[in-house]
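> No letters, just coordinates:
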């Protein structure tokens, strides 16, 4: 289904691009987001966050701890970037701040332990991922375009068993329009030949459309607060399951 | 000067490659390591380490703290990889371990503060770097091939003002033979058309030669203990200053 068709004319996006939205014939490269598009991720972060809130429950109610942690994470994105190491550092900083430096070393050690468990989380593929990649690989060049920590993402890809399907892997420090423009150039195709598939409207959809590419949104049941988009735009396709890509 | 010429025949490396060592005519791509090849790095880490040792001096003598930190860092490379965030986490873990959990939250906060200062370190180019890149860019495709944290390295490159000289930037989670094989393939050249320039024999020289490429070593006055190679190999060229590359 096409989302927000009516709102398209209000957007600054190229109308030509819009009218070609259903024309998937030009597509040469399909790029996939990884976390929560190919495999589960956010629920492991949520689990870790809950353990952190428990550790901090002597200082503050859970709801407030979560708010404080999110505040730290957002403030730290510029300096630490995305991924598990940044998350561990943000948890430690939050613990020190909200405890007014009363948190003890043993608790900090437990925070680090939960963070290390997060890094070593198992890779659980979402339904239909492998068969879809196998199918699409016959006709398209497949690319992995994921945001996060280089080592984390390489490790997850290796453990996923999916590496063989991708002819290019791009771990990106951010997913803004300019990052996609650069990626599309690097891949040597025209923007309208590039299709991005992902679960996050803010990172996988809007900037790709802005860069002149096409995008398919597959919602995941949970999205990190910081990745939630308040946009009423835009001309992208939404499907429910990754398998639906094949019929597109 | 060619290093260890005599020892070359003892190595497993391709002799053909050796005899062509001085033949730079085939080179199409020159890849540069970044830290301590283009700009200062290790001295900022050493400064941070010294501040950490001071913070820990109530628990252990400086020399012992350094040894313990190095032990943690090496043990953590597999899970955290390289870069400043890993270094901060290793400092915190070391502080908790060597203090037998007696270190207080304020000290941990100071450790984090020194780590954040490290991330924000100024980029100081080494002598002759920019003029050399400007010169070589006319004849070769220049690539940045650096190991470390994605965001750290992108930030340093941006702050260096050198981004314009590189047609490709590769932040690598590791620099083993297989990583170079992959990089050379990605760049679409033959191994003997690829020249790597760097300050670390273990990461920038040996694996490149093993991958069939060529390598030029520019020693920096300090090298992290973990990067020191005990090798008596190999057939690479050593120069003193980056400007010497142009005459090669």
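Yep, it's here. Source: prediction; values computed, not measured.

> in chain A, which residue is closest to the centre?
Note on chain A: the residue nearest the mean C-alpha position is residue A:35, at 5.2 Å, using CA atoms, centre = their mean.

> And it, how close does it get to residue B:149?
With distances taken as CB to CB, to the nearest Å, residue A:35 is found 18 Å from residue B:149. For every residue, glycine as well, the C-beta is placed using N, CA and C.

> And residue A:146, by the same measure?
For residue A:146, the distance to residue B:149 - CB to CB - is 16 Å.

> if I read this right, the residue nearest to the centre of chain A contacts residue A:41, doesn't it?
Yes - using CB atoms under 8 Å as the test, residue A:35 is close enough to residue A:41 to be in contact (3.5 Å).

> shaky segments in chain A?
A:1-23, A:222-234 (pLDDT under 70).

> The strand ranked longest in it: which residues count as buried?
In chain A, ranked by residue count with DSSP state E as the criterion, the top strand is strand A:141-147. Neighbour-count burial for strand A:141-147 flags A:141-147 (criterion: 16 or more other CB atoms under 10 Å in any protein chain shown).

> what's the answer for stretch A:199-219, then?
Of the residues in stretch A:199-219, those scored as buried under the neighbour-count criterion (16+ other CB under 10 Å) are A:199-218.

> same question, stretch A:67-77
Buried residues in stretch A:67-77, counting neighbours by 16+ other CB under 10 Å, are found at A:68-70, A:72-73, A:76.

> Just the ones of the residues you listed in helices?
With helices identified by DSSP state H, the entries of those that belong to them are A:68-70, A:72-73, A:76.

> Now render the residues you listed as CSV, adding distance to residue B:104.
Putting those into CSV (distance: CB to CB, whole Å) gives the following:
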residue, distance to residue B:104
A:68, 20
A:69, 21
A:70, 26
A:72, 20
A:73, 24
A:76, 22
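
> got the residues of chain A near chain B?
Where chain A comes near chain B, counting by CB under 8 Å from any CB of the partner chain, the residues are A:79-81, A:85-86, A:88-89, A:92-93, A:95-96, A:99, A:101-106, A:108-109, A:112, A:116, A:119-120, A:149-151, A:154, A:168, A:171, A:173, A:186.

> Of those residues, keep whichever come out buried.
For those, a neighbour count by 16+ other CB under 10 Å gives the buried set as A:79-81, A:85-86, A:88-89, A:92-93, A:95-96, A:99, A:103-105, A:108, A:112, A:116, A:119, A:149-151, A:154, A:171, A:173.

> Next, the contact list for residue A:71, please.
For residue A:71, the contacting residues are residue A:94, by CB atoms under 8 Å, 6 or more residues apart in numbering or on different chains.

> Now tell me what touches stretch A:175-184 from outside.
Outside of stretch A:175-184, the residues that reach it under the criterion CB under 8 Å, 6+ apart are A:31, A:145, A:147, A:170, A:172-173, A:190-191, A:194, A:196, A:203-204, A:207-208, A:210-213.

> Give me the subset of those residues that lies in helices.
Using DSSP H to define helices, the subset of those located there is A:207-208, A:210.

> just the residues you listed now: which is nearest chain B?
Minimum separation from chain B among the ones in helices among the contacts of stretch A:175-184 (CB to the nearest CB) is found for residue A:207, which lies at 17.1 Å.

> Contacts only, for the closest one.
Going by CB under 8 Å, 6+ apart, residue A:207 touches A:175-177, A:179-180.

> For residue A:221, the count of nearby residues, please.
Using other CB atoms under 10 Å in any protein chain shown, the number of residues around residue A:221 comes to 8.

> all helices for chain A, in order.
Taking DSSP H as the criterion, chain A carries its helices at A:15-19, A:42-55, A:62-80, A:84-98, A:105-119, A:129-137, A:150-160, A:177-187, A:206-210, A:244-247.

> Residue B:63: which of these is closest?
When those are compared by CB to CB, helix A:105-119 sits nearest residue B:63, at 22.9 Å.

> gap between the closest one and the chain center?
On the basis of CA atoms, centre = their mean, to the nearest Å, the separation between the geometric centre of helix A:105-119 and that of its chain is 24 Å.

> For that helix, name the packing helices and strands.
Packed against helix A:105-119 by the contact rule (3 or more CB pairs under 8 Å, 6 or more residues apart in numbering or on different chains; DSSP states H and E) you find helix A:42-55, helix A:84-98, helix B:62-80, helix B:84-98, helix B:105-119.

> can you put these in a markdown table and add distance to residue A:243?
Formatted as a markdown table, the helices and strands packed on helix A:105-119 follow (distance: least, CB to CB, whole Å):
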| stretch | distance to residue A:243 |
| --- | --- |
| helix A:42-55 | 21 |
| helix A:84-98 | 29 |
| helix B:62-80 | 34 |
| helix B:84-98 | 37 |
| helix B:105-119 | 42 |
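
> nearest to residue A:128, of these?
helix A:42-55 (18.2 Å).

> Grab the nearest non-local neighbour of the residue of chain A most remote from its centre.
Within chain A, the residue lying farthest from the chain centre (CA atoms, centre = their mean) is residue A:102, at 34.7 Å. Spatially, and ignoring its direct neighbours in sequence, residue A:102 is nearest to residue B:105 (6.7 Å; CB to CB, 6 or more residues apart in numbering or on different chains).

> Now do the contacts for the one you found.
Taking CB under 8 Å, 6+ apart as the definition, contacts of residue B:105 comprise A:95-96, A:99, A:101-105, A:108.

> same deal with residue A:81?
If you count contacts by CB under 8 Å, 6+ apart, then residue A:81 has A:148-149, A:173-174, B:149-151 around it.

> out of those, who's nearest residue B:26?
Nearest to residue B:26 among the contacts of residue A:81 is residue B:150, at 31.4 Å by CB to CB.

> Tell me how far that closest one lies from residue B:61.
Taken as CB to CB, the span from residue B:150 to residue B:61 is 36 Å.

> what distance separates the start and the end of stretch A:134-147?
Terminal residues of stretch A:134-147 are spaced 23 Å apart (CA to CA, to the nearest Å).
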